[in-house]
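Peer 1: Build me a structure from this.
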Amino acid sequence: MKQGLIVTILFVCFGIFAQTAAVKESPKDPADQLDVAAAMKLLETKEQAFERLANINPKKGTPKYAAKDKEIKEIVEEIIDYRFIAEYIIGKKWSETSESKKEELFSKIKELFTDVYLDKLFYNKSYEKKYLDKGTEKKYLKGVPESIYITSEIQGIFKGKTVGYELVYHIRRIDGKYKVFDVELDTVSLARNYREQFEKNLKEKTVDELIANIDKKIKSSKEKQDKKETKPAAK
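Peer 2: Numbers count the residues shown, from 1 in each chain. So this is what the prediction gives:
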């Protein structure tokens, strides 16, 4: 009797274990799987639009310049995961911040990230890009279990000089769309770089002080860019 009971218990336990193992080993839903080729196609499509705009060099302050600026930012808006970037950069402080301040922080971080991203890559320069590598990666950043990386090399002309650098896009799938959540320029991660800067500031400053600090960074960046554009060419 006891032996029969033990066998029954073992059978039930084995059955539960087998069901659990089956769940764990079941394949991912195809809709959740990362498609490197699809992400690559999206990026190439957007890059073609950027390349077209890169060859348009209107004078700053003109309607054509404003139109180019608007179109570039609209394209970037479609492929950059600003919400993740903002939350990642602010870290633990994000959950402690009020909704109204979150939106203000989000807006400022978006402006800062966009200005740096665009200034480094697309304003008033022609360039050539070739893709070197692509694939999937595990836990590249906290909060992203699996993502796609696409590595490229850029050779461009800026103010008559040839410049070259490596660019790595890190892409995740969110709400059925592929979005860039970090960009590495010559191995420097913009998201990690900003997070390190803000972690130091947040220990000593309030959210309002942080917003003011970001404003200063944006203003300083724009002033430097204006000086470069207005500086007379060397004879």
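Peer 1: hang on, isn't Gln155 packed against Glu166?
Peer 2: No: in this structure Gln155 lies outside contact range of Glu166 using C-beta atoms under 8 Å: 10.9 Å. C-betas here are computed from N, CA, C, even on glycine.
Peer 1: avg pLDDT for the host helix or strand of Glu74?
Peer 2: Following DSSP states H and E, one finds Glu74 within helix 63-79. Computed over helix 63-79, the mean pLDDT rounds to 87.
Peer 1: Where does Ser152 sit, in terms of helix or strand?
Peer 2: Per DSSP H and E: strand 146-158 holds Ser152.
Peer 1: should've said Glu87
Peer 2: helix 82-90.
Peer 1: and the next helix or strand after that helix, C-alpha only, in PDB?
Peer 2: Downstream of helix 82-90, the first helix or strand assigned by DSSP H and E is helix 93-96. The C-alpha trace of helix 93-96 is given here as PDB (Å, rounded to 0.1, in the frame of the first residue of the first chain):
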ATOM      1  CA  LYS A  93      15.900  58.800  -9.200                       C
ATOM      2  CA  TRP A  94      13.300  58.300 -12.100                       C
ATOM      3  CA  SER A  95      10.900  56.300  -9.900                       C
ATOM      4  CA  GLU A  96      11.200  59.000  -7.100                       C
END
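Peer 1: could you say what helices and strands helix 93-96 packs with?
Peer 2: Of the remaining helices and strands, none touches helix 93-96 by 3 or more C-beta pairs under 8 Å, 6 or more residues apart in numbering; DSSP states H and E.
Peer 1: what about the strands in this protein?
Peer 2: Ranges of strands in the chain, per DSSP state E, are 126-138, 146-158, 161-174, 177-185, 188-189.
Peer 1: ok, and which of the ones you listed has the densest surroundings?
Peer 2: Here the criterion is mean neighbour count by mean count of other C-beta atoms under 10 Å, and of the strands of the chain the winner is strand 177-185, at a mean of 20.
Peer 1: mind exporting that one as PDB, just the C-alpha atoms?
Peer 2: Coordinates of each C-alpha in strand 177-185 appear next as PDB, following Å, rounded to 0.1, in the frame of the first residue of the first chain:
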ATOM      1  CA  LYS A 177       8.900  48.300 -33.400                       C
ATOM      2  CA  TYR A 178      12.700  48.300 -33.600                       C
ATOM      3  CA  LYS A 179      14.200  51.300 -31.700                       C
ATOM      4  CA  VAL A 180      17.800  52.400 -31.100                       C
ATOM      5  CA  PHE A 181      18.300  52.600 -27.300                       C
ATOM      6  CA  ASP A 182      22.100  53.500 -27.400                       C
ATOM      7  CA  VAL A 183      24.700  54.600 -29.800                       C
ATOM      8  CA  GLU A 184      28.500  54.000 -29.400                       C
ATOM      9  CA  LEU A 185      30.900  56.400 -31.100                       C
END
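Peer 1: Okay, now the unreliable bits of this structure?
Peer 2: 1-32, 115-127, 156-159, 225-235 (pLDDT under 70).
Peer 1: Identify all contacting residues around the helix holding Glu74.
Peer 2: 42-43, 46, 49-50, 53, 56, 58-59, 114, 117-118, 122, 178-180 (C-beta atoms under 8 Å, 6 or more residues apart in numbering).
Peer 1: Check stretch 184-198 too.
Peer 2: Identification of contacts with stretch 184-198 by C-beta under 8 Å, 6+ apart yields 85, 88-91, 109, 112-113, 116-117, 120, 141, 165-168, 170, 181-183, 210.
Peer 1: List the buried residues for that stretch?
Peer 2: Buried residues in stretch 184-198, counted by 16 or more other C-beta atoms under 10 Å: Glu184, Leu185, Ser189, Leu190, Ala191, Tyr194, Arg195, Phe198.
Peer 1: Before I go, just wanted to say thanks for your time.
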